[in-house]
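Colleague: structure, please.
(2 chains)
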Amino acid sequence: MSKGKIAFYWAGSCGGCEVSIVDLDEMLFEVLEHFDIVFWPCAMDIKYSNVEDMDDEEIDVCFFNGCIRNEENQAIAELLRKKSKIMIAFGSCSHLGGIPGLGNLSTKEEILEQVYKKSKSIYNEEGIYPSNSVDDHGNEIEIPSLREHVDALDDVVEVDYYIPGCPPPADVIKTALLTLISGNIPPRSEVLAPNRTVCHECKKEKRDIAVKEIKRVYQLDDIDPNRCLLEQGLLCMGPATREGCGAACPSANMPCTGCMGPPSADPQSENCEQGARMISAIASITDVVDEKNSEEEEIKAALDELRDPVGIMYMYSMPKSILKRRRRE
Amino acid sequence: MSMIEINPITRLEGHGNIKIFKDDNGNVDSAYLQIPELRGFEKFCMDRQCELMPQLTSSICGVCPIPHHLASIKTLDNVFNAPPPERAVAQRKLMHFGYFLEDHLLHFYFLGGPDLLLGPDCPPEKRNIIGIIEKYGKDVATEIMEHRRMGQDIIKILGGKAIHPAFGIPGGVSNAVTPKQLDDIEVMARSLVKFSQFSLSLYKQKIHEDEFYSTAVVSDEYSLDCYNMGIVNDKNQPDYYDGDIRITDAEGNEVIKFHPSEYLDHIGEAVEKFSYMKFPFYKKIGWKGLVESKDNGVYRVGPLGRYNATTGYSTPLADKEGKELEKTFGRPCNMTLAYHWIRLTEVLNVSEQLLELALDRDLVLEGDLRTPVNKVVGRGVGCIEAARGTLIHDYEVDQNGLMKDVNLIVPTTHNAAAISLSITKAAQKEIDQGVTDKDHMNRVELALRAYDPCFGCATH
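Modeller: Next comes the predicted model:
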C-alpha cells in the first residue's frame, strides 16, 4: 500500500501546535511509516511554489493551525484547501480564533497605531506603518495587509474536522492520528476529542458548596490543591470547556482558561458559546445569584472582581462567540 | 532588474520571506527579510486582568512560551512589589532551565542544525529531522528525542503541560516539585550533561570535516560587526534568569550596564515599511537604517550576543568549553555561524546549573512559594534571557488590576537588523553573477537560521 501524504501549516499562530507534533516523539516514527510529510515550513524546506505545483487534492490530510489574521493566512488556507482531501483545523486558533482572536476587541487601525506609533520604545518620526513601498533603488516591495478582523479557519474555507486545544494535548492528537491511519473516517465536521467537560477529568474534590464571591488568583492567600478551584472562588473555565487535556492547568493549581473550547458536536451550533455556558455555571454555583431575594447590589459585589468577563470567558473563542468582534461605530 | 524570492523561509518559528533584487548583471542590488505577520498582543492585552498576562503572553510563542510566562510573572512581581520567596525562584529556574535545554536542542537537531549535520548541499527534502533519523539511525534519534523530552517533562511537572503551562502567580508560583520529582530531575540533569557533551563533539566533528563550513564560519560574508547584549551576574557571566543588562561594542568593550527597568533609556525601536518586525537599536548610537557601521546602534542577542557581552561561564565544564571557544574564535567573536557552537556550550552550562539546583534540596523543597500580594504599585518591568536572547516585558496596571499599557521587546526583534544584514551579506556572496541554484539559496537561509529566529514571536 502506498503511503499517504500529510501537510502541517501555521497561519496566525505561535508555533506551539508545531511543537506539539514534535512532542509526539516516538509516535512520529509510526506516523512516518504511514505518511510522507509533504509540507511543514517549521521543520522542512518545502516552499509555497512546491505546494502550488501539487495536483488538487494531492495532500491526503492537512493539519492547519493558526487563525486567519492577514491576507496571506487566507490565501494559503485557500491554496491548501484546494490541494487537500481532508482539512483539519488544528488547535484553538484555527478552531475558534484562539488568543489572537482577542484582536477582535480592537479595530485593525487601533492595533497598528498601538504597535507602531504609541508603544513606549517606538521611534517613528515619519509615522509610518508596514505597507507596500519602494526602496532607494526603485524596487517595489509588497507586504500582506491585516484583515479587518480575525476569523477561524472554517470562516474562510470548508473544514472537515477539528482538533481542539492550545496546543492540542498529545493523547488527543494520537487518537486522531490513529483514527486516520485506521481508515475509519468519522462523520464530517466532528471535533476529534472527547465531549464532556474538564471537570469530568479533574481530580479535585467538589463539595457542592456555594461560592460567595469570585476572587482573583493572587487574592487567595492559599490555593488548596485538593479542592475544586471554582468552589474556592477562582474563575475556573472547567465547566464550560471540553475535556481531553487531563485537567492540565488545574493539576498545576491554576484555573482552566478554556483552551479546548466548549464541548459540542458541531462548532457551528449555538452550543459553541463558551461564555454563555460559563455564565450559567457561575449562576449555578454562586450563592447570591441563586437566591431570589438577593439584592442586585449583592450580586454585583460577588462578581466585583470579575473585571474583564469577555477576556476571560472568550480567551480562545472570541471570533466564534455571539459577540464575534467589536462593532464599528 | 529582477527579483528572486525565498518564500517561506523554513525550519524556524514564524513566517517570513527573503526578497533579493538583482541588477542587470545578475549581481545582488539589495535583499530584504520581510516578516509578513502581526497579531497585536500589545493592543489586545490591554484591559485584560493582569494575572492572566503570563498565560496570554505565553502564546506569543509556542516555541519559547516559558520565558514569556516567566518574564510576565517577573513583571507582575514588580507591579505588586512582591519579590518572590527563594523557593519560588528555584521552581521558576527549574522550569526555565528545562525550557532552555529543550529549546536549544530543538534548534540543533530539528531546525537550524540539519544544515550542519547533513551538510549544506543535502537535498532539500532530506535536510530535516527525518534526514537525521535516516543518517544517524533510530538509536541516536531516540536519544535526541528523549533528551529534548526531559526539558518538556520538567516544565510539565511544574506547569501541568509543556507548552503554555499555568504556573506563575504575582509574588510566587502555584506549584512546586515533590522530593521524588526532584530525584527524577537530578537523574535527567546528569544525563543532559553527557548529552550536551555528545552534541558538542558532533558539532565539532561536522564543522571540521566540512569544507564549506570551515571556510564560511571565518569569512567576512558570514560575519557582522555590531554591538552585543545580554543579562549578566555580578561576575559578568551569563545569567539566564535575572541580572543587569550589559552592552558591549564590536571590539568587546563594555559600553553600558543597566538595570532592566531602565531599558527605555537605552533601547529604541525603529519602524520600516517593508516588514511588520520592528528594529530595536542602542539609543546612544542611534538608528541609521540597515547598514553595518560602528555608528549604527545595531546589536545582537542570543548565544553569540551573550558570549560577547559576558566573560566566561559559571560552571566548570562549560567554562572549559568556553575557553576552547575563545581560543578558536576569540572574544568578541563576530562570526554569525559561531552561534551554533556557543548555543551548545550554553546547553552544557544550563545542564550543569540544572544539576546544581537539583542537588540544592533545601532550597527547592523547603520554604514558602508565595509572597502575599497587597496592592498594585502601577508599573513593572520584567526581563529574562530566553534561548534566543533578552526578553523585556513592561506593564502598566490600574488599581483594579487591569492592564493599561503593554510594551514587549522580544529576542528575535532585538536581532531584526542584524539578521537582515547577515542575509544581505550572504546573498551578495552566494548568488552574485546570476547564481540561483537551490543550494546557494539555502546558504542564504542558513545565515538567518544561525540566529534560531522566532518571527511570529518577534512581531507578536
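
Colleague: which parts of the stretch 301-450 of chain B are strands?
Modeller: B:379-386, B:389-397, B:403-409 (DSSP state E, counting those that start in this stretch).

Colleague: next: the stretch 1-150 of chain B.
Modeller: Under DSSP E, counting those that start in this stretch, the stretch 1-150 of chain B gives strands at B:2-6, B:17-22, B:28-34.

Colleague: reformat those strands as JSON lines; add mean neighbour count, mean pLDDT and distance to chain A.
Modeller: (C-beta placed from N, C-alpha, C; glycine too.) Output for those, formatted as JSON lines (neighbours: other CB atoms under 10 Å in any protein chain shown; pLDDT from 0 to 100; distance: least, CB to the nearest CB, whole Å):
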{"stretch": "strand B:2-6", "mean neighbour count": "16", "mean pLDDT": "91", "distance to chain A": "7"}
{"stretch": "strand B:17-22", "mean neighbour count": "22", "mean pLDDT": "94", "distance to chain A": "4"}
{"stretch": "strand B:28-34", "mean neighbour count": "22", "mean pLDDT": "93", "distance to chain A": "6"}
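
Colleague: now the strands of the stretch 301-450 of chain B as TSV including mean neighbour count, mean pLDDT and distance to chain A?
Modeller: Formatted as TSV, the strands of the stretch 301-450 of chain B follow (neighbours: other CB under 10 Å; pLDDT from 0 to 100; distance: least, CB to the nearest CB, whole Å):
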stretch	mean neighbour count	mean pLDDT	distance to chain A
strand B:379-386	24	98	10
strand B:389-397	26	98	6
strand B:403-409	22	98	4
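
Colleague: closest one to B:K22 among those?
Modeller: Smallest distance to B:K22 across the strands of the stretch 301-450 of chain B (CB to CB): 32.1 Å, for strand B:389-397.

Colleague: can you show me the strands along chain A?
Modeller: A:4-10, A:35-39, A:59-65, A:68-70, A:84-90, A:122-123, A:133-134, A:140-141, A:146-151, A:161-163, A:190-191 (DSSP state E).

Colleague: name the helices or strands packed onto the last one?
Modeller: Using 3 or more CB pairs under 8 Å, 6 or more residues apart in numbering or on different chains; DSSP states H and E as the contact definition, the elements that strand A:190-191 packs against are strand A:161-163.

Colleague: what packs against the strand it packs on?
Modeller: strand A:84-90, helix A:170-182, strand A:190-191.

Colleague: pick the most buried one from these.
Modeller: Most buried of the helices and strands packed on strand A:161-163, by mean neighbour count (mean count of other CB atoms under 10 Å in any protein chain shown): strand A:84-90, with a mean of 24.

Colleague: and the contacts of stretch A:182-200?
Modeller: Contact partners of stretch A:182-200, identified using CB atoms under 8 Å, 6 or more residues apart in numbering or on different chains, comprise A:88, A:95, A:159-165, A:168, A:172, A:175-176, A:179, A:206, A:237-245, A:247, A:250, A:256, A:260-261, A:263-268.

Colleague: buried ones only from these, please, as a ChimeraX command.
Modeller: Command for ChimeraX, covering only those of the contacts of stretch A:182-200 found buried under the criterion 16 or more other CB atoms under 10 Å in any protein chain shown:
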select /A:88,95,159,160,161,162,163,164,165,168,172,175,176,237,238,239,240,241,242,243,244,245,247,250,256,260,261,263,264,267
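
Colleague: rewinding a little: how about the helices and strands packed on strand A:161-163 in a markdown table, adding distance to B:V364?
Modeller: Formatted as a markdown table, the helices and strands packed on strand A:161-163 follow (distance: least, CB to CB, whole Å):
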| stretch | distance to B:V364 |
| --- | --- |
| strand A:84-90 | 37 |
| helix A:170-182 | 27 |
| strand A:190-191 | 40 |
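
Colleague: what's around the residue in the stretch 251-400 of chain B that chain A sits nearest to, how many residues?
Modeller: Proximity of the stretch 251-400 of chain B to chain A (CB to the nearest CB) peaks at B:K273, 3.9 Å away. Residues lying near B:K273 (other CB atoms under 10 Å in any protein chain shown) number 15.

Colleague: which strand residues bridge the closest residue to it other than its chain neighbours?
Modeller: Distances taken as CB to CB, 6 or more residues apart in numbering or on different chains place A:S133 nearest to B:K273, at 3.9 Å, with adjacent residues excluded. Taking DSSP bridges as the rule, A:S133 bridges to A:I141.

Colleague: picking up where we left off before, and the residue of the stretch 251-400 of chain B closest to chain A, what does it touch?
Modeller: The contact partners of B:K273, by CB under 8 Å, 6+ apart, come to A:I128, A:Y129, A:P130, A:S131, A:N132, A:S133, A:I141, A:I143.

Colleague: any idea which element the spatially closest residue to the fourth one that is not a sequence neighbour lies in?
Modeller: It refers to A:S131. Leaving aside its chain neighbours, A:S131 sits nearest to B:K273 (5.5 Å; criterion: CB to CB, 6+ apart). Per DSSP states H and E, B:K273 falls between elements, in no helix or strand.

Colleague: is it true that B:I342 touches B:G305?
Modeller: No: assessed by CB atoms under 8 Å, B:I342 is found out of contact with B:G305, at 9.4 Å.

Colleague: neighbours of the closest residue to B:I342 other than its chain neighbours, how many?
Modeller: Nearest residue to B:I342, sequence neighbours excluded (CB to CB, 6+ apart): B:P303, at 4.0 Å. Neighbours of B:P303 under the rule other CB under 10 Å: 28.

Colleague: with adjacent residues omitted, what lies nearest to B:S420?
Modeller: Nearest residue to B:S420, sequence neighbours excluded (CB to CB, 6+ apart): B:L33, at 4.8 Å.

Colleague: that neighbour contacts B:L448, doesn't it?
Modeller: Yes: using CB under 8 Å, B:L33 is in contact with B:L448, at 6.8 Å.

Colleague: common neighbours of the two, please.
Modeller: B:I9, B:I18, B:I419, B:I423.

Colleague: pLDDT at the residue nearest to the first one when sequence neighbours are not counted, what is it?
Modeller: Meaning B:I9. Closest residue in space to B:I9, ignoring its immediate chain neighbours: B:G16 at 4.6 Å, by CB to CB, 6+ apart. Note for B:G16: predicted pLDDT of 97.
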